[in-house]
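Q: Sequence and predicted model, in that order:
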Amino acid sequence: MNRMKLSFRWYGEDDKVTLEKIRQIPGMHTIVTAVYDVPPGEVWQMSSIESLKMQIEEAGLHFEVVESIPVHEDIKLGKPERDKYIENYCENIRRVAAAGVKCICYNFMPVFDWTRTQLDHELADGSTSLVYYQEQVDAVNPLQSDSDLTLPGWDQSYSREQLKEIVAQYQAMTEEDLWDNLKYFLERVIPVAAACDVNMAIHEDDPCWSIFGLPRIITCEENLDRFLKLVDDSHNGITLCTGSLGCSCHNDVVHMAKKYASQGRIHFVHMRNVKVLDNGFEERAHLSACGSLDMYEIMKALYDHGFCGYIRPDHGRMIWGETGRPGYGLYDRALGATYLNGLWEAIEKEAEGRKKK
Ligand code: DNO
């Protein structure tokens, strides 16, 4: 039988959304988390990993997915110091594997992880969500000292000068340079993941286009094909993030789900709906009718093509007066989880019914 494992992101002991609450979501199996108090590039303490595992298992859940082990900028920039950071990365893979982790999510985006222009945009029903409006991004130029150099979601640990310098280094790089650096990284990391039987699952660039002229390459079908061939091993796979890919109308997410699931290369899925607009996109409730993506067709594509990895409801809106980490409150993600369970049960029963006939 074709099974998906339902999972939920938890930010550790400081998360207002506690394990006690998460465990009450029907069908919950796996916690997705990371060691958050270590800077990118450093080795995680075994005791920190063990402590996460213990807390999660005490709550009756499994610790099988890490999101993320961040990739140090020197690796993405191809600097000489990268070898040290790659070795640390490999050591982290060995350590989390020893604790029972089966899947590691990471990204290869220069400097900025996900980018939004507002984190609390009010939707028609009074809920709030994360949005991206291009004109607001265009107004922030990281190389102009008098520009307002922040957008929500960015790493606040850089000073303005540091950020300007690192952005300038990437602007001098081509997409081909970034591909070379990704290949160099994968050639060293994937054999270690394979030996530990851990699936590496790259997260697409969010949004899936270049920002401020910085190269971004994990953006579309053609590039995902190229990525999977860089190291042609099933441990070199993807996190299918429906919202990251689906915010561009050029990406056919249902087709991509079919294609990469049948190749056995989707190890993790982030299910989230977005409304695509002429000038960007808005994050919406998970239900298909609320956004531009057909969530049923995506789940069915995964089911029909043998997907049996981890799925988590991705960003939720803030509803019912909840406050907290944007995108990562309890209520709307829990509604998302329940919706995904419902879709999956219906798809599974229908398929089993078909088989019996
Ligand atoms: C945002 C997340 C991303 C994701 C990383 C993976 O909410 O989907 O931050 O965790 O890009 O490395």
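A: Everything's here; your move.
Q: C-alpha from now on. contacts and neighbour counts both.
A: Fine.
Q: all helices of the stretch 51-200 of the chain, in order?
A: Secondary structure of the stretch 51-200 of the chain by DSSP state H, counting those that start in this stretch: the helices cover 73-77, 82-98, 134-138, 160-171, 175-196.
Q: okay, those helices in TSV with mean neighbour count, mean pLDDT and distance to residue 211 next?
A: Below are the helices of the stretch 51-200 of the chain laid out as TSV (neighbours: other Cα atoms under 10 Å; pLDDT from 0 to 100; distance: least, Cα to Cα, whole Å):
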stretch	mean neighbour count	mean pLDDT	distance to residue 211
helix 73-77	20	96	16
helix 82-98	20	98	24
helix 134-138	13	86	8
helix 160-171	15	84	10
helix 175-196	18	98	13
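Q: For my notes, confirm residue 343 occurs in a helix.
A: Yes. Using DSSP: H, G, I helix; E, B strand; the rest coil, the assignment for residue 343 is a helix.
Q: any idea how far the residue nearest to it when sequence neighbours are not counted lies from residue 332?
A: Sequence neighbours aside, residue 296 is the residue nearest to residue 343 in space, at 6.4 Å (criterion: Cα to Cα, 6 or more residues apart in numbering). Here the criterion is Cα to Cα, to the nearest Å. By it, residue 296 lies 18 Å from residue 332.
Q: Show me what the residue in the stretch 101-250 of the chain positioned nearest to the ligand is bridged to.
A: Proximity of the stretch 101-250 of the chain to the ligand (Cα to the nearest ligand atom) peaks at residue 106, 3.6 Å away. With DSSP bridges as the criterion, residue 106 is bridged to residue 202.
Q: And it, what's its pLDDT?
A: The model reports residue 106 with a pLDDT of 98.
Q: show me the contacts for it.
A: Contact partners of residue 106, counting by Cα atoms under 8 Å, 6 or more residues apart in numbering, are 67, 68, 69, 70, 71, 200, 201, 202, 203.
Q: these two touch, right, residue 264 and residue 233?
A: No. With contacts counted by Cα atoms under 8 Å, residue 264 stays clear of residue 233, the gap being 10.1 Å.
Q: and those two? which has more neighbours close in?
A: Each of residue 264 and residue 233 has its neighbours counted (other Cα atoms under 10 Å); residue 264 has more, 18 against 14.
Q: My read is that residue 273 contacts residue 287, right?
A: Yes. Assessed by Cα under 8 Å, residue 273 is found in contact with residue 287 at 7.3 Å.
Q: Look up the residues that both of those two are in contact with.
A: Shared contacts of residue 273 and residue 287, counting by Cα under 8 Å, 6+ apart, come down to residue 295.
Q: which residues does residue 64 contact?
A: 30, 31, 32, 100, 101, 102, 103.
Q: Kindly recompute the last result at 6 Å.
A: 101, 102 (Cα atoms under 6 Å, 6 or more residues apart in numbering).
Q: Read off the pLDDT value for it.
A: Note on residue 64: pLDDT of 98.
Q: Tell me how far it lies from the ligand.
A: Separation of residue 64 from the ligand (Cα to the nearest ligand atom, to the nearest Å) stands at 15 Å.
Q: And for residue 332?
A: Distance from residue 332 to the ligand, by Cα to the nearest ligand atom: 14 Å.
Q: If you count contacts, what does the strand or helix carrying that residue end up packed against?
A: Assigned by DSSP states H and E, residue 332 falls within helix 331-356. Using 3 or more Cα pairs under 6 Å, 6 or more residues apart in numbering; DSSP states H and E as the contact test, the elements touching helix 331-356 are strand 310-313.
Q: Spell out which residues of the chain are next to the ligand.
A: 67, 68, 105, 106, 107, 113, 114, 203 (Cα under 6 Å from any ligand atom).
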